[in-house]
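[1] Next input, structure requested:
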Amino acid sequence: MKLNYHHLYYFWQVAKSGHLTRTAEALHVSQSSLSQQIRQLEERLGQALFIREGRQLHLSEAGRLAFDYAETIFTQGEELSALFAEGGHAHREVVRVGAVATLSRNFQEGFVRPLLGRDDLDLILQSGGMDDLLRRLSAHKLDVVLSNQPVRGDSEHPWRSQRLARQPVSLIASPHLSPPPAFPNGLSGHAFILPGVENATRHAFDQLCSHYRLTPKIAAEVDDMAMMRLLARDTQHIAVMPPVVVRDELHSGTLKDYGALPGVWEEFYAITIQRRFESPSLKALLTRSGESLLD
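    Below you'll find the model as predicted:
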């Protein structure tokens, strides 16, 4: 039996609004008729398209995939005109990447670089707190979350954490710092810009200082890597960070890497969720080498 595009259109409208009653009113059909046609579409596809939570409707994994196709199908008229007038394209893959707000922007750029400039793909980048990003991942509104820490999945939340890369954490500061800092005996007289106390890198740095009986002078505690990058550039303090954060400044000579801290690493993870339908472009991104992500 062929797909009923009338049913698909109704599904598309409900998916966009997330509200059955409101959509029924907008389409001038009864709610029961609308529900019945969506059920018939689900039976035809053999997949539940919505997760019902009270009065709210959320797309299932299959629903998100079906929505992407429906979005393409019902904008074909516009795309057909664009195809001849402006070189538009037909069906486009959509890759949705979320990243914790504190993650290095250079690392994020390195991760998505193979997708930039592709005419057959829409790339959506979002940032936020970890809890919010994981909720969006579970609701199939994101395909992957980038983080500097793994998460543990369970039967209710089948998250999977894949380490993409790791890089030694270094002492980063002005190239004109005097005397030049060195670990562990050449830090006297210098002040530090450190990650916040909840950060894994900060925890490792504190343990290292404890081992060597060092009490570093702290100029600032900063959770955001972009802010740490600015402070390292605009002050005479030493920032404790992975070099990828200040890659451009190191290349230009604005900042200098005074050496890696022994045993202190920054790790970068891709968090995904078990899916039956996986993006081929995302699968390709997840198989790249760590070195290529940090260049």
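
[2] Please compute how far whichever strand or helix holds Q37 lies from its chain's middle.
    The secondary structure element spanning Q37 is helix 31-45 (assigned by DSSP states H and E). Computed by CA atoms, centre = their mean, to the nearest Å, the chain-centroid distance of helix 31-45 equals 34 Å.

[3] Tell me the first helix or strand C-terminal of it.
    strand 50-53.

[4] The next helix or strand after that next one pairs with which strands?
    Where DSSP H and E defines the elements, the next helix or strand beyond strand 50-53 is strand 56-59. When pairs are called by DSSP bridges, strand 56-59 turns out to pair with strand 50-53 (antiparallel).

[5] Buried residues, the partner strand. List them.
    Buried residues in strand 50-53, counted by 16 or more other CB atoms under 10 Å: F50. C-beta coordinates here come from the backbone N, C-alpha and C atoms, glycine included.

[6] With only the CA atoms kept, save it in PDB.
    Presented in PDB, the C-alpha positions along strand 50-53 are these (Å, rounded to 0.1, in the frame of the first residue of the first chain):
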ATOM      1  CA  PHE A  50       4.800  10.700  18.700                       C
ATOM      2  CA  ILE A  51       5.500  10.200  22.400                       C
ATOM      3  CA  ARG A  52       2.500  11.300  24.300                       C
ATOM      4  CA  GLU A  53       3.000  13.000  27.700                       C
END
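
[7] pLDDT averaged over that strand - what is it?
    Averaging pLDDT along strand 50-53 gives 84.

[8] hmm, who's touching that strand?
    Residues outside strand 50-53 that contact it (CB atoms under 8 Å, 6 or more residues apart in numbering) are V14, A15, I38, L57, H58, L59, S60, G63.

[9] Name the residues that touch stretch 55-69?
    8, 11-12, 14-15, 18-20, 45, 47-52, 91, 94, 139-141, 275-277.

[10] Now do the spatially most central residue of the chain against L171, distance only.
    Taking CA atoms, centre = their mean, the centroid of the chain lies closest to G98, which sits 2.4 Å from it. As for G98, its distance to L171 is 31 Å (criterion: CB to CB, to the nearest Å).

[11] who's in contact with V145?
    V145 neighbours (CB under 8 Å, 6+ apart): V97, G98, A99, V100, M130, L133, L134, L137, A270, I271, T272.

[12] Let me know the helix or strand that it is in.
    Applying DSSP H and E, one finds V145 within strand 144-147.
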